[in-house]
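Trainee: Just to be clear, the model below is a prediction. Sequence and coordinates:
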Amino acid sequence: MKTRMTLLLAVVALSLSGQAYAAGFALIEQSVKGLGTAYSGGAAVAEDATTIFFNPAGMSRLEGTQATAGLHVIMPSAKFTQTSSSVPVALGGGIPQSGGDGGEGGEVAVVPNFYFSAKAGANCNYGIGVNTPFGMATEYDENWVGRFHGIESNLMTININPSASYKINDNLSLGFGFSAQYLDVTLSQESVLGAGVSSYTEMTGDSWGYGYNFGALYEFNDDTRVGASYRSSVFHSLEGDMDIRLSGSSVPITAKITLPASAQVSVYHRINDKFDVMADVMWTDWSVFEDLTVQLPTSTNVTEENWKDNMRYSLGGTYHASEALTLRAGVAFDETPIPDNYRTPRIPGNDRTWVAFGAGYTFESMSFDFGYAHLFVADGTINLVDTTNTRGDLSGSFDNSVDIISAEMSYKF
């Protein structure tokens, strides 16, 4: 009963969370220990139950029953500076669009996650993770110059991921998991309703999708191991409504989106009793995000995306100052999947360089961990040409950055 209640509380907490502006809109923030090293050992470290997300095979290294709960406060900044703009042709065209630069487009987000693992025999472990693997939020002033391209964009996922691992022999472990994923989306903008007429509109929709993940962990000896894992894509078919402020009416909508697959390879090595080093390479299949198409009763709203696959590279280390105190640091480079000519105000990100630090302290069966990361994000240029005559041209650039502060508690039963 206690375990079921804990899982229920974790689901409720996730359902209340906000979303973060990220490279694309994948959220790697699933472990506070991992944040401290810029997630440089994700598939190989396997030091607590968060390995369920990064590599379920890592559960073979966990003893007894363990639970980990983390909270990440993600503080993005996205400030737009206009170069030029125009009124949609359907509303007259030929003149600059009125309005300001939109204010602070980044939205502070609180992203929690929860993981639980236990042994089921000498070689088997099982567990469950409840997390938010995708999410983002941007919001601009309603009268800003780019309002026909987007005002509010909010995407939130809740992923429930039961998993199991099996230790084949002293060196090799395998793991597998299944995901049931809930997706909720809100998109608003100023929309052309007809010649010379526009209104604020808000589209909302949700759906359930399903996927899987698997991984392998190979331990060469007590000091060195390598892990590899894969998370499948998840297809969502959303249903919802579009509310039109001018008329006070609502119409049904449908949309389809595939959230991308990802794979990673990590290496962990213990140099001595004081120092560990780790490295990671991650690939994400963002090329599946070709467009955002919303079907209305009498029309279709299409935003071309044409994203590309991206890579993430990280390197980090830990220093064991004592049996109780661990210090961490790491760096990473995260390529943007967004081509310059397809960047939109809804997701204005670009290449990111991570600098991360963290610390953990253990009290017998309980440990507390803290982490901080600053993400240096390259400016994102916008050069949108109105091919539909309903949005107007928009050119300018975004000044971007992200700060992340995280805390986590783990307990061994």
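Mentor: Perfect, thanks for sending it. Numbering: from 1, shown residues only.

Trainee: in this structure, which segments are predicted with low confidence?
Mentor: The model of the chain has pLDDT under 70 over residues 1-24.

Trainee: tell me the contacts of N341?
Mentor: N341 sits next to N383 when contact means C-beta atoms under 8 Å, 6 or more residues apart in numbering. For the C-beta atoms, the positions are set from N, CA and C on the backbone; glycine is no exception.

Trainee: Am I right that it falls within a strand?
Mentor: No: looking at N341 with DSSP: H, G, I helix; E, B strand; the rest coil, it is helix, so not inside a strand.

Trainee: Next, work out how far apart it and S395 are.
Mentor: 11 Å (C-beta to C-beta, to the nearest Å).

Trainee: Could you do A228 as well?
Mentor: The gap separating A228 from S395 is 43 Å, by C-beta to C-beta.

Trainee: is it true that G349 touches N400?
Mentor: Yes: applying C-beta atoms under 8 Å, one finds G349 in contact with N400, separated by 6.5 Å.

Trainee: more crowded one of these two?
Mentor: Here G349 and N400 are compared on neighbour count by other C-beta atoms under 10 Å; more neighbours surround G349, at 26 against 23.

Trainee: Please identify which helix or strand holds that one.
Mentor: Taking DSSP states H and E as the definition, one finds G349 inside no helix or strand.

Trainee: just F53 next, same as before
Mentor: Using DSSP H and E, the element containing F53 is helix 51-54.

Trainee: Which elements pack onto the very next helix or strand once past that helix?
Mentor: Per DSSP H and E, the first helix or strand lying C-terminal to helix 51-54 is strand 66-85. If you count contacts as 3 or more C-beta pairs under 8 Å, 6 or more residues apart in numbering; DSSP states H and E, strand 66-85 packs onto helix 32-36, strand 109-119, strand 394-412.

Trainee: could I have the shortest one exported to CSV, CA atoms only?
Mentor: This file holds the C-alpha atoms of helix 32-36, laid out as CSV (Å, rounded to 0.1, in the frame of the first residue of the first chain):
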residue,chain,number,x,y,z
VAL,A,32,20.3,15.1,-10.0
LYS,A,33,23.5,13.1,-9.6
GLY,A,34,23.7,13.0,-13.4
LEU,A,35,23.1,16.8,-13.6
GLY,A,36,26.3,17.4,-11.6
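
Trainee: Tell me where the stretch 301-413 of the chain has strands.
Mentor: Counting by DSSP state E, counting those that start in this stretch, the stretch 301-413 of the chain has strands at residues 310-320, 325-334, 352-363, 366-377, 380-384, 394-412.

Trainee: Which one, of the ones you listed, ends up nearest to I160?
Mentor: strand 394-412 (19.5 Å; C-beta to C-beta).

Trainee: wouldn't D141 be in contact with S98 here?
Mentor: No: the pair D141 / S98 is not scored as a contact, 11.9 Å apart, by C-beta under 8 Å.

Trainee: Excluding its own residues, what touches stretch 55-63? List them.
Mentor: Contacts of stretch 55-63 (C-beta under 8 Å, 6+ apart): 42-49, 51-52, 117, 119, 123, 125-127, 163-167, 173-177, 213-217, 227-229, 264, 266, 412.

Trainee: Can you lay out the helices and strands packed on strand 66-85 as TSV showing distance to T81?
Mentor: Putting these into TSV (distance: least, C-beta to C-beta, whole Å) gives the following:
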stretch	distance to T81
helix 32-36	31
strand 109-119	24
strand 394-412	5
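
Trainee: and the ones you listed, which is most packed in?
Mentor: Mean neighbour count (mean count of other C-beta atoms under 10 Å) peaks for helix 32-36 among these, with a mean of 30.

Trainee: Could you list every helix and strand that that helix packs against?
Mentor: So helix 32-36, by 3+ C-beta pairs under 8 Å, 6+ apart, packs with strand 66-85, strand 325-334, strand 352-363, strand 366-377, strand 394-412.

Trainee: now the nearest residue to N171 once chain neighbours are set aside, which residues is it bridged with?
Mentor: Among residues not flanking N171 along the chain, E219 sits closest, at 5.3 Å (C-beta to C-beta, 6 or more residues apart in numbering). Listed by DSSP bridges, the beta-bridge partners for E219 are R225.

Trainee: So E219 is in contact with R225, correct?
Mentor: Yes: shown here, E219 and R225 form a contact pair, counting by C-beta under 8 Å, at 4.3 Å.

Trainee: So which of these two has more stuff around it?
Mentor: R225 (25 against 21).

Trainee: Please look at the more buried one and S173 and confirm they touch.
Mentor: No: counting by C-beta under 8 Å, R225 does not reach S173; the two are 9.6 Å apart.

Trainee: which neighbours do the two share?
Mentor: Contacts common to R225 and S173, judged by C-beta under 8 Å, 6+ apart, are L217, E219.

Trainee: I'd say L35 and A407 touch.
Mentor: No: L35 is not in contact with A407 according to C-beta under 8 Å; the separation is 10.0 Å.

Trainee: what sits in contact with each of the two?
Mentor: G371.

Trainee: T300 and F368, how far apart?
Mentor: As judged by C-beta to C-beta, T300 and F368 stand 51 Å apart.

Trainee: These two: which has the busier surroundings?
Mentor: Between T300 and F368, counting by other C-beta under 10 Å, F368 is the more crowded of the two (14 against 8).

Trainee: isn't the more buried one right next to E408, touching?
Mentor: Yes: F368 is within contact range of E408, at 7.2 Å (criterion: C-beta under 8 Å).

Trainee: The closest residue to T344 other than its chain neighbours: neighbour count?
Mentor: What sits nearest to T344 in space, not counting adjacent residues and going by C-beta to C-beta, 6+ apart, is H149, at 6.0 Å. By other C-beta under 10 Å, 22 other residues sit near H149.

Trainee: Now for H149: which residues touch it?
Mentor: By C-beta under 8 Å, 6+ apart, the contact set of H149 is Q189, T344, P345, R346, L384, R391, G392, L394.

Trainee: Swap in 6 Å and give it another go.
Mentor: P345, R391, L394 (C-beta atoms under 6 Å, 6 or more residues apart in numbering).
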